[in-house]
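Sequence and predicted structure are below.
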Amino acid sequence: MRILFIFLFVLISSSSFAAPVKEFRGMWVITWEIFKKDGEFLREQALKDRIVKILDDSKTAGLNALMWQVRQGGAVYYPSQIEPWGKWLGHRSPGFDPLAFVLSEAKKRDIEIHAWINTFESREVIPGTPAVEHPEWVSRDELDRPMPGAITLSPGLAPVRQHILSVVEELVSNYRVDGIHFDYVRWSEYAWSDFKELNPDFGYDSMHRFIDGVPEGFLTWEDWRRHAVSTFVRQAGELAHSIRPGINVSVAAVGQYDWGVWNGYHAVFQDVGLWLKEGWIDHVMGMNYYWHTYQRMFDHLVGGCPSCWQRPLQAGLDRGGRFTVGVGSLMMKEKSLWHEHPEVIRAIREADYVSGFQFFSYGDFEEMNYFKEASEFILTSPDL
């Protein structure tokens, strides 16, 4: 009897550990791809038809997840008590709740919806948006000048973080989204130029001015900036997980972690390795847009190690986190490399620490009428 019990325990344990991981097959869907068509803002039935088409196209392609943009520029695309309707709806309600509708329709098709928000980016300047209501929140340069365009709020300001956390709380409390996806969860990029007066670094704010020196408790501005972003990610992850245990909290990560000239860790102060290791997030979605062929993508993910994603992410992967690769379909179209899609996916699948991919973005697949053809290579691999 004791031997039989041990055998059954080992069998059950082995089966649980061997359970396949569902391959993440996703796509980013941008606001203007959803809410505007042929120069017209879509409303009511026309918008519902558009949403259904996007979901049907995604199902045809074999996708199982969509990053559905619900916040951009400090405005939103669902009824909110906190921020106004966004520009791609003409700053007014379309006559129904588009987020509730897409969630209902996606469930019928077994497609996950990850609510995609632009975190600190806040370029809309209409009443009700953060940049208008709180101009003191806008990032500033060394001369204490606020960003004049492509406005980003300072992650270093506690009121900024709290405002965005209130958006997260409203969203996750009111909608049963499968995930919440943080894009632009970073500082505005450095300008790699000798002409700093033409391309200033907006890495300061109204409470942390360049002239006052590095904030107390930090050795460098870079350490403070990285800490500020990580503080928000910790708070947002803890909040989302407390409201909805099991929700997938993800971030859009710059395509290189800490190597190369432009990378997440040093240029925009994303420490995604820490975030995944600590469990603040569940999923790193890379924006690996500029590796357009099999060989380039394979070298990026595997051949270039230790300058590859496995090194900084391994501790987080060991605790159950995920890393999926962002395929730059827009860039492949622009470079006449569209035909490389199957080979890029083959390279991704050969990296054993990667558990899927997501395409940027829906509009390019639609323009190329690629959904049926894409299914021929997307659906060729079983779950991992």
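Sure thing, it's come through. Note that the structure is predicted; figures quoted are calculated from it, not measured.

what about stretch 26-35, how long is it end to end?
One end of stretch 26-35 sits 20 Å from the other (C-alpha to C-alpha, to the nearest Å).

And stretch 135-150, by the same measure?
First residue to last in stretch 135-150 (C-alpha to C-alpha) measures 14 Å.

okay, which residue is most central for this protein?
Ala252 (3.2 Å; C-alpha atoms, centre = their mean).

Just give the closest residue to it, not the sequence neighbours.
Leaving aside its sequence neighbours, Ala252 sits nearest to Asp183 (C-beta to C-beta, 6 or more residues apart in numbering; 4.3 Å). Where C-beta positions appear, they are placed from N, C-alpha and C, glycine not excepted.

Could you give the number of residues near that neighbour?
Neighbours of Asp183 under the rule other C-beta atoms under 10 Å: 22.

Let's test this: what are the backbone torsions at it?
phi -100, psi 160 (degrees, to the nearest 10).

Could you report the distance from it to Asp318?
26 Å (C-beta to C-beta, to the nearest Å).

what's the answer for His163, then?
Separation of His163 from Asp318 (C-beta to C-beta) stands at 34 Å.

With neighbour numbers in mind, choose between the two.
Shown here are His163 and Asp318; by other C-beta under 10 Å, His163 has more neighbours (19 against 10).

Show me where the stretch 151-300 of the chain has its helices.
158-174, 221-243, 272-278, 294-298 (DSSP state H, counting those that start in this stretch).

which residues does the nearest residue to Asn248 once chain neighbours are set aside bridge with?
Excluding the flanking residues, the one nearest Asn248 by C-beta to C-beta, 6+ apart is Gly179, at 3.4 Å. Counting by DSSP bridges, Gly179 is bridged to His114, Asn248.

Give me the buried positions along stretch 75-83.
Neighbour counts over stretch 75-83 (16 or more other C-beta atoms under 10 Å) mark 75-78, 80, 83 as buried.

if we can go back for a sec, how far away is the residue nearest to Asn248 from Leu157?
Where Leu157 is concerned, Gly179 sits at a distance of 26 Å (C-beta to C-beta).

Neighbour count: the two, which is higher?
Higher neighbour count among Gly179 and Leu157: Gly179, with 24 against 20, using other C-beta under 10 Å.

Any idea how many residues pack against Ala351?
By the measure other C-beta under 10 Å, the count of residues near Ala351 is 20.

Pull the contacting residues for it.
Residues near Ala351 by C-beta atoms under 8 Å, 6 or more residues apart in numbering: 298, 301-302, 310, 325.

what sits against Lys335?
His292.

Phi and psi next, for it.
Here is the backbone geometry of Lys335 (degrees, to the nearest 10): phi -100, psi 10.

before we move on, back to that, so which of the contacts of Ala351 wins on neighbours?
In terms of neighbours by other C-beta under 10 Å, the contacts of Ala351 top out with Val325 at 28 neighbours.

now for the helix or strand containing that one, which elements pack on it?
For Val325, the host element (DSSP states H and E) is strand 322-327. When contacts are defined as 3 or more C-beta pairs under 8 Å, 6 or more residues apart in numbering; DSSP states H and E, strand 322-327 packs onto strand 24-29, strand 283-287, helix 341-349, strand 356-360.

so it versus strand 356-360, what angle?
30 degrees (axes from the mean of the first three to the mean of the last three C-alpha atoms, to 10 degrees).

State the mean pLDDT of strand 322-327.
Taken as a whole, strand 322-327 has a mean pLDDT of 99.

Strand partners (parallel or antiparallel) of that strand?
If you go by DSSP bridges, strand 322-327 pairs up with strand 283-287 (parallel), strand 356-360 (parallel).

what pLDDT, on average, does the last one get?
Yep, that's strand 356-360 we're talking about. pLDDT averaged over strand 356-360 gives 99.

just to revisit the earlier point, do I have it right that the residue nearest to the centre of the chain meets Val325?
No. Ala252 lies out of contact with Val325 (C-beta atoms under 8 Å); the separation is 11.9 Å.

Give the closest residue to Phe35 in space, chain neighbours not counted.
Take Phe35 and drop its neighbours on the chain: the residue closest to it by C-beta to C-beta, 6+ apart is Trp88, 4.2 Å away.

where exactly do the strands run in this structure?
Under the criterion DSSP state E, the chain contains strands at 24-29, 36-37, 40-41, 65-72, 75-76, 112-118, 179-183, 248-254, 283-287, 322-327, 356-360.

Now stretch 130-142: buried residues?
Buried residues in stretch 130-142 (16+ other C-beta under 10 Å): 130-131, 134, 137-141.

right, and the helices and strands packed on strand 322-327 - which one's nearest Phe232?
Among these, strand 283-287 comes nearest to Phe232, with 16.0 Å by C-beta to C-beta.

gap between that closest one and the chain center?
Centroid separation between strand 283-287 and its chain, computed with C-alpha atoms, centre = their mean, to the nearest Å, is 7 Å.

got it, and stretch 90-108?
On C-alpha atoms, centre = their mean, the centre of stretch 90-108 falls 20 Å from the chain's centre.

Quick one: mean pLDDT over that stretch.
Mean pLDDT, stretch 90-108: 98.
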